[in-house]
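Visitor: Here is my input, please return the structure:
(chains A and B)
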Amino acid sequence: MMRFYLMRVLKDYLGHLILIGLPVALIYLMVSVNTEAGNPDREAAALYIGIVYIIMFQAFGAAYAFEGLEHDFFKPFKARLLAAPVKPYRFVLANIVFSIVIGYAQSLVLLAYVMLVFNASVPGLGFVMLILLLGVIVAQLFGSVAVLLLKKAAKAQALMTLYVIGGMLLAGVFFPLPESDMTIFLSKYSSPVAWTHYAAYGVIEGISSQVFVGVSLLMSVAVLALITVVLLSKRVMA
Amino acid sequence: MIVSMKDVIKRYDGERLALDYLSLDVKAGEVVGLLGPNGAGKTTAISAIVGLLDIDEGIIEVFDKPQNNGNLETRKRIGLVTQEVTVYEDLSAYENLLFFGKLYGLRGERLKSRINTVAKLIGLEGRLHELPKKYSGGMKRRLNIGCALLHEPELIIMDEPTVGIDPQSRNYIIEFVKTLAKETDTAIIYTSHYIEEVEAIADRVYIIDQGHIIAKGTVQSLIESIKGDQRIAIDVKTPNENVLSALEAIDDVVGVRLENKTYHITAAAHADVLDKLLSILATQTIRNVANEQADLEDVFLTLTGKSLRDGEAG
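Guide: Below you'll find the model as predicted:
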């Protein structure tokens, strides 16, 4: 059963194109613009831009979770799956686990792209990869909560888009916000998107307290989201 | 006994009565037709049998064990053919069969052998590696059935398996169900609102309306139960639905339905209604008047005063 769910996400060719092809193009474009604007440190700029787009597209990649769950539990498929001699939670788990696997693989492809094409070195690469994994887990669990609450992938998509765009703007990663206590606070703590960025840059810049706070927040929200998914799944299965 | 339902009550949202003291039983090797109009409670009844929903009152036993929605052992012995086509359109037919086979515990050579057998049964053996989204509606329906047969269930539940397909595919499925019933000891519950399908395959029929069984028996015994009535078919050039109520209002007329350009009228035996019928229909240019043989549609019409095909889904 698990192999089948992996096969299902792997066959979403359009999804791969959007979630890998689009950020690859955007990163290339933004790095080029940055270089043209006279920024001398192309590698550092590429790493910053790359991390921003990886985090952003991780959240868009939550589509895997909500489209899979919508297909299995909010369409006629539900009766067929629930009639099978399999504990229903395994279908939810399979959807989420392989959404995380594929989402994480896409993040690593983008990270490798930044490192290989722009020669960007990533200090603490292993830790950055772990933080990006946490980011994917949180994003997919958020997507799952969204669809289990809203019951429609299209609505979940709209909500996630608002969350991603809003989260990135508040984190000040697209463009710097006017400096104040409030914007500094928002850039660190406004959303899981900001926490992922904050923690990843804590590793890159060697600020362990920043890593600790970011990772702690991400892990806490992941546990909360997981509990919410379990509770909502039980309601959907009833 | 394969299935035994006794006085089952199911309410949705605590109010709307979906099953109203519904009782039915299914024995090994028999094909039971569950016939009723849209919203009659057919899908709710089979969902309760499979254990997909909790009932409010009554008893359901499947394979002589109480059915509840955590009973995985019972589910291994049931094959559910859903009303909607539920196959993964982006995976090949073979991959779909592989997935559903594995869900039911099949592995290795046994799984491959069952896929080959089922593929032949459903007539898709040469096209297993194509995507279902490239299939015709009838082929998708056959694959939908195949996914429920892999584990050789002792009870197959088919919920309106021919909805929305062409007559050729429908005949294929009917013949297939007849063969399956004849050659195996499988019990089949077949829900439909197509009378001719149920007449063709069912050993016994339950007619359900508003969540309640209003008649049961063999096709022949049900038809004989209304044999005392006379059935008249009046073919007209320009039918008009507005006269239905006038026809129904005639003394001794039990039921009226309009199909294409023919009024089918059921009236009490020996009642002299023809003159009254013809006078009401005189403006519509009558082309033919004939006596008809009764069928299950007439049984339903006589018992409920309405047609089975009021609407076309559910």
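Visitor: show me what contacts B:Leu301?
Guide: Applying Cβ atoms under 8 Å, 6 or more residues apart in numbering or on different chains to B:Leu301 gives the contacts B:Val254, B:Gly255, B:Arg257, B:His264, B:Thr266, B:Ser307, B:Leu308. Any C-beta I mention is one placed from the backbone N, CA and C, and that applies to glycine too.
Visitor: For stretch B:272-279, which residues meet the burial criterion?
Guide: For stretch B:272-279, burial by neighbour count (16 or more other Cβ atoms under 10 Å in any protein chain shown) applies to B:Val273, B:Lys276, B:Leu277.
Visitor: any idea how far that stretch is from the chain center?
Guide: Stretch B:272-279 has its C-alpha centroid displaced from the chain centroid by 35 Å (Cα atoms, centre = their mean, to the nearest Å).
Visitor: Could you pull up the mean pLDDT of that stretch?
Guide: For stretch B:272-279, the mean pLDDT works out to 90.
Visitor: can you list the residues that contact it?
Guide: With contact meaning Cβ under 8 Å, 6+ apart, stretch B:272-279 is reached by B:Ile232, B:Ile234, B:Leu247, B:Ile250, B:Asp251, B:Asp252, B:Val253, B:Tyr263, B:Ile265, B:Ala267, B:Ile286, B:Val289.
Visitor: got the residues of the stretch 101-250 of chain B near chain A?
Guide: Within the stretch 101-250 of chain B, the residues that sit near chain A (Cβ under 8 Å from any Cβ of the partner chain) are B:Lys102, B:Leu103, B:Tyr104, B:Gly105, B:Cys147.
Visitor: show me the contacts for the residue nearest the centre of chain B.
Guide: Geometric centre of chain B, nearest residue: B:Ser192, 1.7 Å, by Cα atoms, centre = their mean. By Cβ under 8 Å, 6+ apart, the residues touching B:Ser192 are B:Gly33, B:Leu34, B:Leu35, B:Glu160, B:Thr162, B:Val198.
Visitor: any idea which of these is closest to B:Asp64?
Guide: Closest approach to B:Asp64 among these (Cβ to Cβ): B:Leu34, at 20.8 Å.
Visitor: Need phi/psi at that closest one.
Guide: phi -110, psi 110 (degrees, to the nearest 10).
Visitor: quick one: what helix or strand has A:Ile54 in it?
Guide: helix A:42-60 (DSSP states H and E).
Visitor: Could you name the helices and strands sitting against that helix?
Guide: helix A:22-36, helix A:89-117, helix A:125-150, helix A:153-171, helix A:192-205 (3 or more Cβ pairs under 8 Å, 6 or more residues apart in numbering or on different chains; DSSP states H and E).
Visitor: Could you check the fourth one and say which residues are buried?
Guide: Neighbour counts over helix A:153-171 (16+ other Cβ under 10 Å) mark A:Ala153, A:Ala156, A:Gln157, A:Leu159, A:Met160, A:Tyr163, A:Val164, A:Gly167, A:Met168, A:Leu169, A:Leu170, A:Ala171 as buried.
Visitor: Quick check: chain neighbours aside, which residue is closest to the first one?
Guide: Of all residues beyond its chain neighbours, the one nearest A:Ala153 is A:Glu70 (4.1 Å), with distances taken as Cβ to Cβ, 6 or more residues apart in numbering or on different chains.
Visitor: same deal with B:Gly58?
Guide: B:Val8 (3.5 Å).
Visitor: Quickly note the distance from the one you found to A:Asp72.
Guide: 28 Å (Cβ to Cβ, to the nearest Å).
Visitor: Among these two, which residue is more densely surrounded?
Guide: Ranked by neighbour count (other Cβ atoms under 10 Å in any protein chain shown), B:Val8 and A:Asp72 place B:Val8 first, with 24 against 21.
Visitor: Over to that one. Which of the three states is it?
Guide: strand (DSSP: H, G, I helix; E, B strand; the rest coil).
Visitor: Return the set of residues that bridge with it.
Guide: B:Leu22 (DSSP bridges).
Visitor: what residues are up against it?
Guide: B:Leu19, B:Tyr21, B:Leu22, B:Ser23, B:Ala45, B:Ala48, B:Ile55, B:Glu57, B:Gly58, B:Ile59, B:Ile60.
Visitor: Could you rerun that using 7 Å?
Guide: B:Val8 sits next to B:Leu19, B:Leu22, B:Ala48, B:Ile55, B:Gly58, B:Ile60 when contact means Cβ atoms under 7 Å, 6 or more residues apart in numbering or on different chains.
Visitor: what do you get for A:Gly50?
Guide: Taking Cβ under 7 Å, 6+ apart, one finds A:Ile27, A:Leu110, A:Leu111, A:Val114, A:Ala120 in contact with A:Gly50.
Visitor: can you rerun that using 8 Å?
Guide: A:Ile27, A:Leu110, A:Leu111, A:Tyr113, A:Val114, A:Phe118, A:Ala120.
Visitor: mind checking the backbone torsions on the closest residue to chain B within chain A?
Guide: Closest approach of chain A to chain B (Cβ to the nearest Cβ) occurs at A:Pro76, with a separation of 3.6 Å. The phi and psi values for A:Pro76, taken as degrees, to the nearest 10, are phi -60, psi -10.
Visitor: Quick check: what element follows the helix or strand that contains A:Ala65 along the chain?
Guide: Element membership for A:Ala65, per DSSP H and E: helix A:63-73. Following helix A:63-73 in sequence order, the next helix or strand is helix A:77-82 (DSSP H and E).
Visitor: Just the CA trace of that next one, in PDB.
Guide: Output of helix A:77-82 as PDB, limited to C-alpha atoms (Å, rounded to 0.1, in the frame of the first residue of the first chain):
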ATOM      1  CA  PHE A  77     -13.400   7.000  -3.000                       C
ATOM      2  CA  LYS A  78     -14.100   7.200   0.700                       C
ATOM      3  CA  ALA A  79     -16.600   4.400   0.700                       C
ATOM      4  CA  ARG A  80     -14.300   2.100  -1.400                       C
ATOM      5  CA  LEU A  81     -11.300   2.700   0.900                       C
ATOM      6  CA  LEU A  82     -13.200   2.500   4.100                       C
END
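Visitor: Any chance of TSV for the contacts of stretch B:272-279, columns distance to A:Leu82?
Guide: Formatted as TSV, the contacts of stretch B:272-279 follow (distance: Cβ to Cβ, whole Å):
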residue	distance to A:Leu82
B:Ile232	48
B:Ile234	49
B:Leu247	46
B:Ile250	50
B:Asp251	52
B:Asp252	50
B:Val253	46
B:Tyr263	45
B:Ile265	45
B:Ala267	47
B:Ile286	54
B:Val289	52
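Visitor: Sort out for me which of those are in strands.
Guide: Among the contacts of stretch B:272-279, DSSP state E puts B:Ile232, B:Ile234, B:Val253, B:Tyr263, B:Ile265, B:Ala267, B:Ile286, B:Val289 in strands.
Visitor: Going by distance to A:Leu186, which of the residues you listed wins?
Guide: For those, the nearest to A:Leu186 is B:Tyr263 (74.0 Å; Cβ to Cβ).
Visitor: The closest one and B:Glu241 touch, don't they?
Guide: No. Between B:Tyr263 and B:Glu241 no contact is recorded; they are 10.2 Å apart, counting by Cβ atoms under 8 Å.
Visitor: quick one, which of these two is more surrounded?
Guide: Set B:Tyr263 next to B:Glu241 and count neighbours by other Cβ under 10 Å: B:Tyr263 wins out with 24 against 7.
Visitor: Show me the beta-bridge partners of the closest residue to the more buried one other than its chain neighbours.
Guide: Take B:Tyr263 and drop its neighbours on the chain: the residue closest to it by Cβ to Cβ, 6+ apart is B:Ile234, 4.7 Å away. Here B:Ile234 sits in beta bridges with B:Tyr263, B:Val289, going by DSSP bridges.
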